[in-house]
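J.: could you work out the structure for the sequence below:
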Amino acid sequence: MSKLSNLGSGRPPMPTTTTTMATATVSTSDELLHKPTSKSSSTTEATLQSLYNRAARAFLHRDVAITFTLLSAAFALLPPPLAPSPDPLDVHRRKWDILRITLETTVFSSTPDLVDLPQPLRESLLLSPQSFISNLYARSLALFTPSSLYQKPSSAFLPHQIVITLIASSIKLDRPNIGREIIEDWLSKRGQYDFVPSTGEPYHKVLELYCLHVLPRLGEWEYVKEFLSYENELSSDERRELHLALEAQHAQTLESTKREMPKPEPPPSPIPIPPLRSLSPASSSSSLSTTSTRTAVPASPRPKLTRQQSASSTSAVSDVTVTRSPHRGHNQSMPRGSSSASAVRISYLPPVDHNLATAQPPTSLALIRSYFNHYFTANRIATLSVLFFLIPLLSLILRRRQRSETPADLVRRRLLKARGDSIVRRLWNELVRAVLDTVRMGSG
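T.: Predicted structure coming up:
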């Protein structure tokens, strides 16, 4: 769990050391690369520990260039183990690999300055998160799998600390599905070698990440509960703690989901339409005198509405519309002080046809009739008559003139006479035969 907090900083590491320090570090790494391989194990361990202290300090100062240079120098001294047995360099392999995964994940998840970034880290930024985590996992498998076995790198040799770091990297990059594959691969192959710790506390830590961080992010709440019900290596107290933590996390997730769901908005209430106000005499007379030539008034005389009538008929004002006089001289001929000069001429709306509101829907017969009237016009009927009646009839007449009756025709005619078909039936049969003969003649 501590690896999750180490990877959760989110701020890009920035170089802060001087050029002199970088030059000295590069020269130190070059010296390490050219050291003879006959060095004793104790000397190699001391060198790796010294480099690790400097690399950890540079990482805390967010100096990516120095940290990456020291990592390259250290892994030049850390080849994979030779045999599947305890190795004195296992501790250093584990520490350096954790530092390398943490550094590269921090750089990948941030926006660093590409100018000061080493070329390998710059190339890793072009990968997708899935490919990036898969490369980290494959590199760790190759680092801890013994080289003398000549087999495919296996997670059976992978320490649980490396598994936890890789899971933290997948969670930081929001790819829990990759973390699930890594954990399930490790769980299926653990315990094959006794020198690789995979039971007890290592198993509990990996399982805690699996049940409380990876599967919940994938929405596998029911699967986690089923998995814990079949699990038999944890103690009852540890299993109960996982159950309680899982239930609390599930309830918190449901509560946050309810908060984030938008509340349904109530339907908008209808806006009340205010009643139409009657025009004042002053405003109506001024508007009539200025814009009276823009509207037309019917020729039939309409009753005039005086100020008193206007005040008493406010309830029926929605049934009338205000109109303007078309004659400018009419208003000018009236005296100013008279009440008729300030009156407003109105015209009533045409009466509503209530038959439209009570009209019944058209019947099927009316719809069929309208359909035939629309599609079967006189021209179309004439065309269809020529195609399906006149042409077959002419073809029948021509065929009768051109050839004499064959024995088959005589037999067919005798059969028809024996059946006693009606004239309509015979005409229909002749029409069908004429159409078929026309088709055969056209295709021939």
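J.: give me the contact list for the longest helix along the chain.
T.: Across the chain, the longest stretch assigned as helix under DSSP state H is helix 236-260. With CB atoms under 8 Å, 6 or more residues apart in numbering as the test, helix 236-260 has contacts from His204, Leu207, Glu208, Cys211, Leu212, Pro216, Trp221, Val224, Lys225, Leu228, Glu231, Leu234. In this view, the C-beta of every residue, glycine as well, is placed from N, C-alpha and C.
J.: could you pick out the buried ones from these?
T.: Burial by neighbour count, 16 or more other CB atoms under 10 Å: within those this picks out His204, Leu207, Glu208, Cys211, Leu212, Pro216, Trp221, Val224, Leu228, Leu234.
J.: the first one looks like it's in a helix, true?
T.: The one in question is His204. Yes: membership of His204 in a helix is supported by DSSP: H, G, I helix; E, B strand; the rest coil.
J.: what about Ser370, how many neighbours?
T.: 11 (other CB atoms under 10 Å).
J.: re earlier: and the buried ones among the contacts of helix 236-260, which of them are in helices?
T.: Checked against DSSP H, the buried ones among the contacts of helix 236-260 include these in helices: His204, Leu207, Glu208, Pro216, Trp221, Val224, Leu228.
J.: quickly check those residues for the two that are furthest apart.
T.: Across those, the longest distance by CB to CB is 20.6 Å; it joins His204 and Trp221.
J.: any idea how far Leu393 is from the residue lying closest to Gly191 once chain neighbours are set aside?
T.: The shortest distance from Gly191 to any non-neighbouring residue, by CB to CB, 6 or more residues apart in numbering, is to Ser198 (5.2 Å). Counting by CB to CB, to the nearest Å, the separation of Ser198 from Leu393 is 98 Å.
J.: between those two, tell me which one has more neighbours.
T.: Ser198 (20 against 14).
J.: surely the more buried one is in a helix?
T.: No: Ser198: not assigned to a helix; according to three-state DSSP it is coil.
J.: for it, give me its contacts.
T.: His160, Trp186, Arg190, Gly191.
J.: now those as TSV including distance to Pro80 and neighbour count?
T.: TSV is the format used below for the contacts of Ser198 (distance: CB to CB, whole Å; neighbours: other CB atoms under 10 Å):
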residue	distance to Pro80	neighbour count
His160	18	20
Trp186	18	24
Arg190	19	20
Gly191	21	13
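J.: export the residues you listed to TSV and tack on secondary structure and distance to Ala434?
T.: Compiled in TSV, the contacts of Ser198 are given as follows (DSSP: H, G, I helix; E, B strand; the rest coil; distance: CB to CB, whole Å):
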residue	secondary structure	distance to Ala434
His160	helix	94
Trp186	helix	87
Arg190	coil	90
Gly191	coil	92
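J.: any chance of CSV for the residues you listed, columns distance to Ser364 and pLDDT?
T.: Below are the contacts of Ser198 laid out as CSV (distance: CB to CB, whole Å; pLDDT from 0 to 100):
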residue, distance to Ser364, pLDDT
His160, 80, 95
Trp186, 74, 96
Arg190, 78, 92
Gly191, 81, 90
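J.: I'd assumed Ala83 was in contact with Tyr193.
T.: No: between Tyr193 and Ala83 there is no contact, the gap being 10.8 Å when judged by CB atoms under 8 Å.
J.: hang on, Tyr199 packs against Glu233?
T.: For residue 199 the amino acid is Thr, not Tyr. Yes: the pair Thr199 / Glu233 is scored as a contact, 7.1 Å apart, by CB under 8 Å.
J.: can you pull out the low-pLDDT segments for this protein?
T.: 1-40, 261-360, 399-423, 442-444 (pLDDT under 70).
J.: can you show me the strands along it?
T.: For the chain, applying DSSP state E gives strands covering 304-305, 320-322, 344-348.
J.: coming back round to it: pull the most distant pair out of the buried ones among the contacts of helix 236-260.
T.: Farthest pair in the buried ones among the contacts of helix 236-260, by CB to CB: His204 and Trp221, 20.6 Å.
J.: just curious, which of the ones in helices among the buried ones among the contacts of helix 236-260 is nearest to Thr111?
T.: Once CB to CB is applied, the member of those that ends up nearest Thr111 is Pro216, at 28.5 Å.
J.: once you drop chain neighbours, what's closest to the closest one?
T.: In space, Pro216 is closest to Gln249, 6.1 Å off (CB to CB, 6+ apart).
J.: neighbours of that neighbour, just the number please.
T.: 16.
J.: distance check, it against His213.
T.: Counting by CB to CB - Gln249 and His213 are separated by 9 Å.
J.: and for Phe59?
T.: Counting by CB to CB - Phe59 and His213 are separated by 24 Å.
J.: ok, now Gln49?
T.: 32 Å.
J.: so for those two, which residue has more residues nearby?
T.: Higher neighbour count among Gln49 and His213: His213, with 18 against 13, using other CB under 10 Å.
J.: from memory the more buried one sits against Ile167, does it?
T.: Yes: His213 lies in contact with Ile167 (CB under 8 Å); the separation is 7.4 Å.
J.: which neighbours do these two share?
T.: Counting by CB under 8 Å, 6+ apart, nothing touches both His213 and Ile167.
J.: can you list the residues that contact stretch 378-388?
T.: Val435.
J.: let's see 10 Å
T.: Phe376, Thr377, Leu390, Ile391, Leu431, Val435 (CB atoms under 10 Å, 6 or more residues apart in numbering).
J.: which of these lies closest to Thr145?
T.: The closest of the contacts of stretch 378-388, once distances to Thr145 are taken by CB to CB, is Val435, at 85.1 Å.
J.: what's the closest one in contact with, if anything?
T.: Leu387, Phe388, Ile391, Pro392, Ser395, Leu396.
J.: run the last query once more with 7 Å
T.: For Val435, the contacting residues are Pro392, by CB atoms under 7 Å, 6 or more residues apart in numbering.
J.: how far away is it from Ile381?
T.: Val435 is 18 Å from Ile381, by CB to CB.
J.: what of Tyr375?
T.: 10 Å.
J.: how about Thr47?
T.: Counting by CB to CB - Thr47 and Ile381 are separated by 106 Å.
J.: what's the answer for Leu218, then?
T.: Taken as CB to CB, the span from Leu218 to Ile381 is 71 Å.
J.: more crowded one of these two?
T.: Just comparing Leu218 and Ile381: by other CB under 10 Å the higher neighbour count belongs to Leu218, 13 against 10.
J.: quick check: closest non-adjacent residue to that one.
T.: Pro176 is the one closest to Leu218 (CB to CB, 6+ apart), at 5.5 Å.
J.: OK, contacts around the one you found?
T.: Counted by CB under 7 Å, 6+ apart, Pro176 has contacts Ser170, Val214, Arg217, Leu218.
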